[in-house]
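> Here is the input, now give the coordinates:
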Amino acid sequence: MIRRTALRTLTALAVTAALALPLAQGAQAATPATTDPAAAATPATINAGNDNPFRWMELDGLRADFQFMYPAGHRVGFWSLVLTDDVVQQKFEGGKFFVYAPATGEFSFFLDTDIAVRTVDHPGRVRLVDTAFMRSHPRVEVRYGDPGHPGRARVVASATTLM
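Numbering: from 1, shown residues only. You can find the predicted model right below:
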């Protein structure tokens with residue numbers, strides 16, 4: 001029992017670290033080097049439009065969203081995919097949202113604040129980040145239903161990599 005708990009904890013830590021590393025690197029690259037204390041107190045201006053990692057994807061029911069998080073008190077800007085407003089306003093009952101790659105049958109994770117989670121209950125909590133999973137699958141779908149039976153789940157949105 002202790003081994004299983006330790007393995008789950010280590011897996012969650014590894015996923016969180018894998019997601020946090022690109023975010024931390026982006027924050028370091030986005031922060032201008034300065035020795036002027038007045039300039040250091042001013043928030044860094046980030047040109048979010050040019051760094052969108054999803055610009056080469058065909059999005060259906062999803063949109064790219066740039067926002068900030070503050071891990072350990074440091075401002076980090078990052079891109080993610082969220083459901084469009086018209087999808088969020090639909091009625092969803094009796095299931096969970098999950099990320100699925102239909103070509104391989106693999107699952108991925110959502111980013112909930114700064115924690116990687118496999119499923120979410122509310123459409124407003126669907127947030128996909130640029131991960132190796134997203135880049136290695138030509139089509140990724142957000143589905144709603146029972147993750148134990150992904151073939152029966154409803155496809156809510158999709159992201160297809162354009163070649």
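
> Show me what stretch 92-100 is in contact with.
Residues outside stretch 92-100 that contact it (C-beta atoms under 8 Å, 6 or more residues apart in numbering): 106-110, 118-123, 125-126, 128, 133, 140-147, 150, 153-154, 156. Bear in mind the C-beta positions are built from the backbone N, C-alpha and C, glycine included.

> Mind checking what helix or strand follows the worst-scoring helix or strand of the chain on mean pLDDT in sequence?
Lowest mean confidence among the helices and strands of the chain (mean pLDDT, DSSP states H and E): helix 37-41, at a mean of 36. Helices and strands here follow DSSP states H and E; after helix 37-41, the next one along the chain is strand 57-60.

> Packing partners of the helix or strand following that next one?
Using DSSP H and E, the helix or strand that follows strand 57-60 in sequence is strand 62-69. Contact partners of strand 62-69 among helices and strands, from 3 or more C-beta pairs under 8 Å, 6 or more residues apart in numbering; DSSP states H and E: strand 76-83, strand 154-161.

> Paired strands for strand 62-69, with orientation please.
Strand 62-69 sits in its sheet next to strand 76-83 (antiparallel), going by DSSP bridges.

> what angle sits between the strand it pairs with and strand 154-161?
Relative orientation of strand 76-83 with respect to strand 154-161: 130 degrees, computed using axes from the mean of the first three to the mean of the last three C-alpha atoms, to 10 degrees.

> and strand 76-83, average pLDDT?
On average, the pLDDT along strand 76-83 is 93.

> Of all the residues in the helix or strand following that strand, which ones are buried?
Downstream of strand 76-83, the first helix or strand assigned by DSSP H and E is helix 85-88. For helix 85-88, a neighbour-count test (16 or more other C-beta atoms under 10 Å) marks Val87, Val88 as buried.
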